[in-house]
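J.: sequence first, then the predicted structure, then my questions.
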Amino acid sequence: MWGKIERVISGVMLTLALLLAATYAGDYCMVRFGIPRGRPQFAQITRNVLYVIHVKGGKVHYEPGPQETDTCVNSLFPHFGDSPCWYLRRHTDKLIDI
């Protein structure tokens with residue numbers, strides 16, 4: 001009984017791992033070879049820099065810094081050392097602990 005359940009769970013886990021690997025490979029190929037044509041592979045996102053200053057009493061003070069422009073990749077996963085644009089558009093604040 002338990003052997004059958006373990007085989008089913010192993011099969012499901014293997015299928016999920018293969019599906020994830022195929023998705024990542026397809027995403028990489030789309031960025032690497034510019035599929036679909038006409039879609040930019042990279043973009044620029046302007047981010048707000050906030051310095052996080054820990055003060056007495058466990059309080060946190062935020063000090064604004066200069067805006068900076070980051071390069072992002074139009075894909076589902078990070079590639080070529082750049083974060084995906086969908087992630088950076090939702091996380092426009094860059095926090096830097098001091």
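T.: All right, it came through fine.
J.: in this protein, where's the longest strand?
T.: Counting residues, the longest strand found in the chain (DSSP state E) is strand 42-54.
J.: what is that strand packed up against?
T.: Using 3 or more CB pairs under 8 Å, 6 or more residues apart in numbering; DSSP states H and E, the elements in contact with strand 42-54 are strand 60-64, strand 68-73, helix 85-90, strand 93-97. All C-beta atoms are positioned from the backbone trio N, CA, C, and that covers glycine.
J.: save the ones you listed as JSON lines, and put in distance to His54 too.
T.: As requested, those are exported to JSON lines (distance: least, CB to CB, whole Å):
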{"stretch": "strand 60-64", "distance to His54": "6"}
{"stretch": "strand 68-73", "distance to His54": "23"}
{"stretch": "helix 85-90", "distance to His54": "26"}
{"stretch": "strand 93-97", "distance to His54": "8"}
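J.: ok, which of the ones you listed comes nearest Tyr24?
T.: strand 68-73 (13.1 Å; CB to CB).
J.: just checking, what packs against that closest one?
T.: strand 42-54, strand 83-84, helix 85-90.
J.: need the winner for burial among these.
T.: When these are scored by mean count of other CB atoms under 10 Å, the highest mean neighbour count falls to strand 83-84 (a mean of 17).
J.: perfect, I'm done here.
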